[in-house]
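Trainee: what's the 3D shape of this:
(4 chains)
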There are 2 protein chains.
Amino acid sequence: MIKRRGTVTISQVAQAAGVNRSSVSRAFTKPYMLTPETVARIKAVADTLGYVPNHTARALSTGRNSNLALIVPDVANPFFPPMIRAAQDAADAQDYCVFLGNSNEDPSKEDRLVGRFIGQVEGLILASSRLPEKRILDYAEQRPIVLINRDVAGVPRVLIDSSNGMTEAVRFLAERGHKKIAYVSGPSGSWSNKSRRSAVRKAAQQAGLELYVCPAQVSSFEAGLSAVDRILDAGTTVAIAFDDVTAHGILAGLEQRGITVPDGFSVVGCDDVLGDLTHPPLTTISSRSSEAGGLAVSLMYDALRSVGLKDARYLLQTELVVRQTTK
Amino acid sequence: MIKRRGTVTISQVAQAAGVNRSSVSRAFTKPYMLTPETVARIKAVADTLGYVPNHTARALSTGRNSNLALIVPDVANPFFPPMIRAAQDAADAQDYCVFLGNSNEDPSKEDRLVGRFIGQVEGLILASSRLPEKRILDYAEQRPIVLINRDVAGVPRVLIDSSNGMTEAVRFLAERGHKKIAYVSGPSGSWSNKSRRSAVRKAAQQAGLELYVCPAQVSSFEAGLSAVDRILDAGTTVAIAFDDVTAHGILAGLEQRGITVPDGFSVVGCDDVLGDLTHPPLTTISSRSSEAGGLAVSLMYDALRSVGLKDARYLLQTELVVRQTTK
DNA sequence: GTTTGACATGCAACCGGTTGCATGGCTCAA
DNA sequence: TTGAGCCATGCAACCGGTTGCATGTCAAAC
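Mentor: Numbers count the residues shown, from 1 in each chain, chains lettered A, B, ... in the order given. Here you go, the predicted structure:
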């Protein structure tokens, strides 16, 4: 037993105030059960002694710890910080604390994190989870789970639906005369990638465009950079990237090869996380990652209060944001 | 008492395995005390029953919870994610979980967060804390605290020392013929801002440059944007910004006014978080926020094992990274 | 054939709160 | 004056583990 320096317990306060431990407990959690004077006296004693309720002990006896966990594939990917922040704020509003986990896109690491968190939170939010569906369902049995950008029936989920934004983008490009377009894929396990790719595929077919799909890879500047040769070789005139980070890499690769954007080639990103930071400012698909974060937390509250369907499925719509990388 | 669905306790395992509760406990935490066969049998029973040790109960009786808290002013500021990630990884390596708090640059919110976390972590890491020094010292009395970019004697801290990078930048600018420079300040409570500003001040004096200091503000794109008029009115030919985010705003403001960079005006950022994302790629001061995060966690471990001076003060050096916004 | 000691396991107290139920004092009405 | 009922507080069990100490067993040593 490791003694924390100067820890004051409920018993010491009780003794000093000349009451039972239960009264001290009630003074803090159920003051209406006690005379106002008793409450005041106990609180005064507690104050001078520097008493602070022990969160762990309370959690053990109540079975509630007011903690949530949020696991993301990569904190450093600009898509996630706004989401983390919004989730944080929503949790904060209900006096919940949130554990953050970074799975580094690695399913086994994600699994380890979930295992480590699950015993000390009331619920978990998994963003862009790479876990096998079965595993998610197993965990969901132990604790409420809310998913973001992962579609598993029976588990409440918030999905940023990029497909209509993607569709809009393809139509926009078709109208502007493009004949052959490229889609530069994101991580293979990603629901977002699947949904974006299939939206592009479908829209391209409808618009009569030829489509080249550049194979799966992680979302990174380098991935975009290295895709440039292939999309040029394929004879396309525009690339729609899995996300803005990848699009940014593509932009850089084009510049290295002396190709100007949008005159020599067009590029479309997704998620709108870079604003007009790129040069030229990137045409992209809006996202709403912070709304997704807040919504996920509120779904979590519903699940914790056992209200709301287990099968809630929220779709957040997106749209094309035209800036200057398309012609 | 809220019953968790299907919670298996140590007692049930004990009964099923025909041993005492303490043996079950030992099978998991001190297997060497038991016969290998007993351990195997207990674990087998635990497995079929789906027993998972209760983290909270364990924490209560051992007084250790293997949790850390990390509080940052703004998750969405690109300076922090790499730091968070590194801290996370370092914690992970020792089976620690980390709570993340976002203070939103607000001292009172930061205070609330610390209060909420302190009861359920072994130590806290405060990045760019805006808390009054006294408050920090008070908290440090209750739990080990490690600071990042905040210099309080008696509290272990890791400081990214931008002053030599700043000095280098000022000299570099002086050599290139600049006569009057501007420093665009960051948040007023920020140690980094103070240290950067005074480094610039000193170096400017030594190099015989005239200096205009643009008043304090938060770190944001908008802040940079709105500072442009003042730095132009002041007749300067180069602005050194508190950080890259602010510098990016300045760049945008200059472009709006039709001033080309670096021919019409030069800009220097700090922290090197934007890479060559800006246009033109930003000359900046290197940072090493991820190292700072990792180092902070390892200082925390030292503190938890009670080794190491209470007054550890690590300085991480920085340097000028010349890209294309200076002439 | 005891004694000694090592070792595996059991026993029970403890960590610091919470909570259902018991108790005892007081008020109010009959 | 007495009984009913309410209310403030106390009592003790409980949450689910951990751990110091006691106990019993068995083998080696004398």
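Trainee: Can you report how many residues lie near the residue of the stretch 151-300 of chain A found nearest chain B?
Mentor: Using CB to the nearest CB, the single residue of the stretch 151-300 of chain A nearest to chain B is residue A:279, 3.1 Å away. C-beta coordinates here come from the backbone N, C-alpha and C atoms, glycine included. Residue A:279 is flanked by 20 other residues according to other CB atoms under 10 Å in any protein chain shown.
Trainee: hang on, isn't it packed against residue B:282?
Mentor: No - counting by CB atoms under 8 Å, residue A:279 stays clear of residue B:282, with 11.6 Å between them.
Trainee: avg pLDDT for the host helix or strand of residue A:228?
Mentor: Using DSSP states H and E, the element containing residue A:228 is helix A:221-233. Averaging pLDDT along helix A:221-233 gives 94.
Trainee: Show me what that helix is packed against.
Mentor: Applying 3 or more CB pairs under 8 Å, 6 or more residues apart in numbering or on different chains; DSSP states H and E, one finds that helix A:221-233 contacts strand A:180-184, strand A:210-214, strand A:238-241, helix A:244-256.
Trainee: and the shortest one with chain B, contact?
Mentor: No - in terms of CB under 8 Å from any CB of the partner chain, no part of strand A:238-241 sits within range of chain B; the closest distance is 15.2 Å.
Trainee: now do the longest one
Mentor: Yes - using CB under 8 Å from any CB, we find that helix A:244-256 touches chain B at A:248, A:252.
Trainee: Figure out how far whichever helix or strand comes after that helix is from the centre of its chain.
Mentor: Using DSSP H and E, the helix or strand that directly follows helix A:244-256 along the chain is strand A:266-268. Remark: strand A:266-268 is offset 26 Å from the chain centroid, using CA atoms, centre = their mean, to the nearest Å.
Trainee: what comes up buried for strand A:266-268?
Mentor: By neighbour count on 16 or more other CB atoms under 10 Å in any protein chain shown, the buried set for strand A:266-268 is A:266, A:267, A:268.
Trainee: Repeat that for stretch A:23-32.
Mentor: By neighbour count on 16+ other CB under 10 Å, the buried set for stretch A:23-32 is A:23, A:24, A:25, A:26, A:27, A:28.
Trainee: Keep only those residues that also lie close to DNA strand D.
Mentor: A:23, A:26 (CB under 7 Å from any atom of the strand).
Trainee: Using the record's assignment, carve chain A into domains.
Mentor: In terms of domains, chain A is parsed into A:10-53, A:67-160+A:289-320, A:162-287 (source: automatic domain parsing).
Trainee: rewinding a little: contacting residues around the residue of the stretch 151-300 of chain A closest to chain B?
Mentor: By CB atoms under 8 Å, 6 or more residues apart in numbering or on different chains, the residues touching residue A:279 are A:251, B:278, B:279.
Trainee: if we can go back for a sec, and among the helices and strands packed on helix A:221-233, the most buried is which?
Mentor: strand A:238-241 (a mean of 30; mean count of other CB atoms under 10 Å in any protein chain shown).
Trainee: strand partners of it, parallel vs antiparallel please.
Mentor: Pairing partners of strand A:238-241, with direction, according to DSSP bridges: strand A:180-184 (parallel), strand A:266-268 (parallel).
Trainee: Make JSON lines from the buried residues of stretch A:23-32 and add secondary structure and distance to residue A:238 to it.
Mentor: Below are the buried residues of stretch A:23-32 laid out as JSON lines (DSSP: H, G, I helix; E, B strand; the rest coil; distance: CB to CB, whole Å):
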{"residue": "A:23", "secondary structure": "helix", "distance to residue A:238": "72"}
{"residue": "A:24", "secondary structure": "helix", "distance to residue A:238": "69"}
{"residue": "A:25", "secondary structure": "helix", "distance to residue A:238": "66"}
{"residue": "A:26", "secondary structure": "helix", "distance to residue A:238": "68"}
{"residue": "A:27", "secondary structure": "helix", "distance to residue A:238": "68"}
{"residue": "A:28", "secondary structure": "helix", "distance to residue A:238": "63"}
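Trainee: what's the closest of the buried residues of stretch A:23-32 to residue A:301?
Mentor: Each of the buried residues of stretch A:23-32 was scored against residue A:301 by CB to CB, and residue A:28 proved nearest at 23.4 Å.
Trainee: show me the residues around that closest one that make contact.
Mentor: Contacts of residue A:28 (CB under 8 Å, 6+ apart): A:46, A:53.
Trainee: Report the separation between it and chain B.
Mentor: Separation of residue A:28 from chain B (CB to the nearest CB, to the nearest Å): 13 Å.
Trainee: Could you check how far the residue nearest the centre of chain A is from residue A:187?
Mentor: With distances taken as CA atoms, centre = their mean, residue A:127 lies nearest the centre of chain A, 4.0 Å away. The gap separating residue A:127 from residue A:187 is 13 Å, by CB to CB, to the nearest Å.
Trainee: Determine the residues that are contacts of both of those two.
Mentor: Here residue A:127 and residue A:187 have residue A:73 as joint contacts, going by CB under 8 Å, 6+ apart.
Trainee: show me where pLDDT drops low in chain A?
Mentor: Within chain A, the ranges that satisfy pLDDT under 70 run A:1-6, A:308-309.
Trainee: Show me which residues of the stretch 1-150 of chain A are close to DNA strand D?
Mentor: Counting by CB under 7 Å from any atom of the strand, the residues of the stretch 1-150 of chain A that sit close to DNA strand D are A:1, A:18-23, A:26, A:33-35, A:37-38, A:57, A:60-61, A:63.
Trainee: Return the residues in contact with the closest residue to residue A:203 other than its chain neighbours.
Mentor: Once flanking residues are discounted, residue A:203 sits nearest to residue A:170: 3.7 Å by CB to CB, 6 or more residues apart in numbering or on different chains. Residues near residue A:170 by CB under 8 Å, 6+ apart: A:181, A:200, A:203, A:204, A:207, A:209, A:240.
Trainee: And those, which is closest to DNA strand C?
Mentor: Nearest to DNA strand C, judged by CB to the nearest atom of the strand, of the contacts of residue A:170 is residue A:200 at 53.0 Å.
Trainee: buried set for the host helix or strand of that closest one?
Mentor: For residue A:200, the element it lies in under DSSP H and E is helix A:191-207. Judged by neighbour count (16+ other CB under 10 Å), helix A:191-207 contains these buried residues: A:191, A:192, A:193, A:195, A:196, A:197, A:199, A:200, A:203, A:204, A:207.
Trainee: can I get the residues you listed in CSV with distance to residue A:325?
Mentor: What follows is the buried residues of helix A:191-207, written out as CSV (distance: CB to CB, whole Å):
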residue, distance to residue A:325
A:191, 26
A:192, 21
A:193, 21
A:195, 22
A:196, 17
A:197, 20
A:199, 19
A:200, 17
A:203, 19
A:204, 19
A:207, 19
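Trainee: didn't residue A:148 look like it was pressed against residue A:80?
Mentor: No - counting by CB under 8 Å, residue A:148 sits too far from residue A:80 to count as a contact (9.7 Å).
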